[in-house]
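Trainee: A predicted structure for the sequence below; I have some questions about it.
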Amino acid sequence: MSYAQKKQISANRTPAIIIVALIHVGLGYALVTGLAYNVAKKAMEDLKTFDVTEEPPPPEEKPPPPEKTDTPPPPQIVAPPPLVRTNQTAPPIVVTPVAPPPVITPRAPPAPPAPPAVRTVPPKSVSGNLQGLIREDDYPPSALDREEQGVVAVSLQVGTNGRVSGCSVTSSSGSRTLDSTTCRILTSRAKFSPARDSTGNPTTGTTSARIRWQIAG
């Protein structure tokens with residue numbers, strides 16, 4: 001085949017190819033648009049509209065009536081009376097004296113009971129009357145000079161041996177010389193039988209005496 005024939009054949013094929021391509025493009029477009037239309041139509045058919053009716057809401061429940069209570073009426077507001085200011089004097093201050101607390105002196109304990117009395121026999125002079133023990137020459141010279149005289153009362157304590165163990169003046173003669181001379185003479189000269197207790201045993205005792213001093217006339 002010559003080159004001129006090949007060139008002529010190629011020139012004849014070019015339009016045919018273009019036509020075939022256009023035919024394919026048209027068929028593709030028609031196919032695509034047809035399918036899209038069918039799909040849209042099918043979707044519109046499936047979408048059917050319908051009316052939706054809403055159910056009415058349930059009736060509201062009425063609240064129960066309030067319970068009746070006997071409530072007192074509200075207090076009436078009364079305006080307070082106007083304040084009247086008066087000049088008040090302060091009350092006088094009265095001071096009440098307070099008594100001092102009592103002084104409580106503790107009580108002394110009760111004295112112990114006295115021992116039972118023991119009956120004793122008092123001492124008895126064995127020298128006779130004690131006045132007879134005073135002699136004329138026993139008169140103190142100083143008392144004679146002063147002319148002192150009188151009665152001396154004495155209390156004598158006698159021991160268990162019957163001798164005077166103590167002498168005290170219970171009533172003075174007025175002369176100290178006569179008083180002391182009386183106790184000295186009775187202590188040295190007087191003799192007694194001792195006192196006896198309730199069982200008869202010798203015990204100490206006391207006795208009294210009165211001695212008269214008188215200047216002989």
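Mentor: Thanks, I have it. Numbers count the residues shown, from 1 in each chain.
Trainee: Do you have the helices of this protein handy? List them.
Mentor: Along the chain, the segments classed as helices by DSSP state H run 3-46, 141-145, 176-189.
Trainee: just for this protein, where's the confidence low?
Mentor: Residues of the chain meeting the criterion pLDDT under 70: 1-13, 26, 28-55, 63-73, 78-88, 90-91, 95, 115-119.
Trainee: hmm, 80 instead?
Mentor: Counting by pLDDT under 80, the chain contains low-confidence ranges at 1-17, 19-21, 23-109, 113-120, 217.
Trainee: Give me the domain ranges for it.
Mentor: Per automatic domain parsing, the structural domains of the chain span 1-45, 124-213.
Trainee: Dump those to a markdown table, plus distance to P106 and mean neighbour count.
Mentor: Glycine gets a C-beta too; all of them are placed from N, C-alpha and C. Output for these, formatted as a markdown table (distance: least, C-beta to C-beta, whole Å; neighbours: other C-beta atoms under 10 Å):
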| stretch | distance to P106 | mean neighbour count |
| --- | --- | --- |
| domain 1-45 | 129 | 9 |
| domain 124-213 | 37 | 15 |
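Trainee: now those domains as CSV including distance to P57?
Mentor: Putting those into CSV (distance: least, C-beta to C-beta, whole Å) gives the following:
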stretch, distance to P57
domain 1-45, 36
domain 124-213, 133
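Trainee: between those, which gets nearest to P109?
Mentor: Nearest to P109 among the domains of the chain is domain 124-213; the distance by C-beta to C-beta comes to 29.9 Å.
Trainee: quick one: I134 from T181, how far?
Mentor: Counting by C-beta to C-beta, to the nearest Å, the gap from I134 to T181 is 9 Å.
Trainee: that older thread, for the domains of the chain, which one sits closest to A114?
Mentor: Ranking these by distance to A114, with C-beta to C-beta as the measure, places domain 124-213 first at 16.1 Å.
Trainee: how near is T170 to P123?
Mentor: Using C-beta to C-beta, we find T170 at a distance of 17 Å from P123.
Trainee: Same question for N161.
Mentor: The value you get for N161 to P123, if C-beta to C-beta is used, is 11 Å.
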